[in-house]
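Visitor: Got a predicted model here, sequence first, then my questions.
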Amino acid sequence: MDTRVATILSPEDLGAAGTKIININLQDVISRISIAFKTTNVSEVMTEHPAANLTRIELIDGSDVLFSLTGLQAQALNFYDRRNKPYSYIDDISGHAETAVIGIDFGRFLYDPIMAFDPKKFISPQLKITWDEDICEVDTTVNECIVRAHIFDGKEVTPTGFITSKEIYSYLVQTSGFHYIDLPVDHVMKQLYVKCRYADESFFGLLDSARLSEENDRKIPFDLTMTELLHDALESYGYCFEHAYLNGIDTVTVFYAMPCDLEYVGYSPYGAADASAIWSTGGGKYRKVGTSTSINHKAMIMGALPHGVMPLLPKPSDNLEDWYKVPALESLLLRIKDTASVADVATAEILVSQFRPY
């Protein structure tokens, strides 16, 4: 085989919270770094999605930040980059585990020979994982983190660069008005995203529209409502799906899943009949109610906007020449129109994926 999966961090309980710094000592070219973070439930009180336990994932080389996203942001970008949902397992039963696998994708696809991360091009690359084990489930005291690299082995490849993704800006959403964000024009842009996710709120009840302006309105690549942008995203990327195994209850409880709009839940009691219901309340939050604490449920959730992340540019092809050549521009300005019912509660985050040449 010309490829293999190397272990960067063997299974380890990282503790309650903190930042783990891992030296990237590999000399082989890396196509993807995968981080699997698993926590063992205690309370059966789910307060977030499992990916939220990773509050920041960074790849750095000294002061040079090569990648920087939260777990929620990175998992959403995994969906858009791969045309498929990355692995996660929602399971809120006591003694069971909640799992999120999050990737740093350096290429257009796994084992892309043209776009990949070559550690030899850097002085001292390090992976930084910041976590808090009980964001998803309260009272959690046991976790396990595994980090693996998908590398080229025995095959000579000469990548010309790699895909880098970062959060470049965030702000508190207001009830009205516009917010202006200067976008980077240093590297070719693959995709531009806005993330806005708040429990019990629709994405469209927070942000109204987006507009992109080149060089002081010399050209307007788009000026669209968020609903119009969603239509384009669905046609290009399709729906996101996630599986859940849920504890039996006789009251109303909550859980969280990736889809944040156009949600549909198919579910069934596991092992016996039960009069139950599961429904979305917005922002990735779902409610469930049943009549028996001894009858668990299995559910399949589908919908749009994973973790509240909306792509703003047309879906990129695999041809670099078709990507957005922003280095030719003097300036690039994104305008977001706010429409929240309450100010200073929800946060909007601007994310960008770029091709960084060697």
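Guide: Now that the structure is in, tell me what you want to look at.
Visitor: Please, where are all the strands along the stretch 201-350 of the chain?
Guide: Using DSSP state E, counting those that start in this stretch, the strands of the stretch 201-350 of the chain run over 207-214, 219-225, 240-246, 252-256, 261-270, 277-282, 285-289, 296-304, 309-311, 332-338, 347-357.
Visitor: most neighbours per residue, which of the ones you listed?
Guide: Each of the strands of the stretch 201-350 of the chain was scored by mean neighbour count; the highest is strand 309-311, a mean of 25, by mean count of other CB atoms under 10 Å. Backbone N, C-alpha and C define where each C-beta goes, glycine included.
Visitor: hang on, the earlier thing: out of the strands of the stretch 201-350 of the chain, which comes closest to Thr55?
Guide: strand 347-357 (12.9 Å; CB to CB).
Visitor: what bits of the stretch 251-358 of the chain have low per-residue confidence?
Guide: Along the stretch 251-358 of the chain, no part satisfies pLDDT under 70.
Visitor: Not counting sequence-adjacent ones, nearest residue to Gly303?
Guide: Excluding the flanking residues, the one nearest Gly303 by CB to CB, 6 or more residues apart in numbering is Pro259, at 2.7 Å.
Visitor: sorry, that was for Phe109
Guide: Asp318 (7.4 Å).
Visitor: Give me the distance between the one you found and Met310.
Guide: 22 Å (CB to CB, to the nearest Å).
Visitor: Please apply the same query to Val101.
Guide: Computed as CB to CB, the Val101 to Met310 distance reads 23 Å.
Visitor: and of the strands of the stretch 201-350 of the chain, who's closest to Gly62?
Guide: Among the strands of the stretch 201-350 of the chain, strand 347-357 comes nearest to Gly62, with 15.5 Å by CB to CB.
Visitor: Buried ones in stretch 165-182, by neighbour count?
Guide: 165-169, 173-174, 179, 181 (16 or more other CB atoms under 10 Å).
Visitor: Check stretch 94-111 too.
Guide: 96-108, 111.
Visitor: try stretch 223-234
Guide: Neighbour-count burial for stretch 223-234 flags 226, 229-230, 232-233 (criterion: 16+ other CB under 10 Å).
Visitor: Farthest-apart pair in these, please.
Guide: Met226 and Asp232 (10.8 Å).
Visitor: how close does the closest residue to Arg83 other than its chain neighbours sit to Phe106?
Guide: Leaving aside its sequence neighbours, Arg83 sits nearest to Tyr237 (CB to CB, 6+ apart; 6.6 Å). Applying CB to CB, the value for Tyr237 to Phe106 is 20 Å.
Visitor: domains of the chain?
Guide: 1-159, 160-358 (automatic domain parsing).
Visitor: The longest one: end-to-end distance?
Guide: Looking back up the chat, that one is domain 160-358. 6 Å (CA to CA, to the nearest Å).
Visitor: that older thread, of the buried residues of stretch 94-111, which is the nearest to Ile24?
Guide: Ile104 (11.0 Å).
Visitor: does the closest one count as helix, strand or coil?
Guide: Three-state assignment for Ile104 (DSSP: H, G, I helix; E, B strand; the rest coil): strand.
Visitor: measure it to Glu215 for me?
Guide: 32 Å.
Visitor: Could you do Arg108 as well?
Guide: 28 Å.
Visitor: Same question for Leu77.
Guide: Leu77 is 28 Å from Glu215, by CB to CB.
Visitor: Give me the more crowded residue out of the two.
Guide: More crowded of Leu77 and Glu215, by other CB atoms under 10 Å: Leu77, with 27 against 13.
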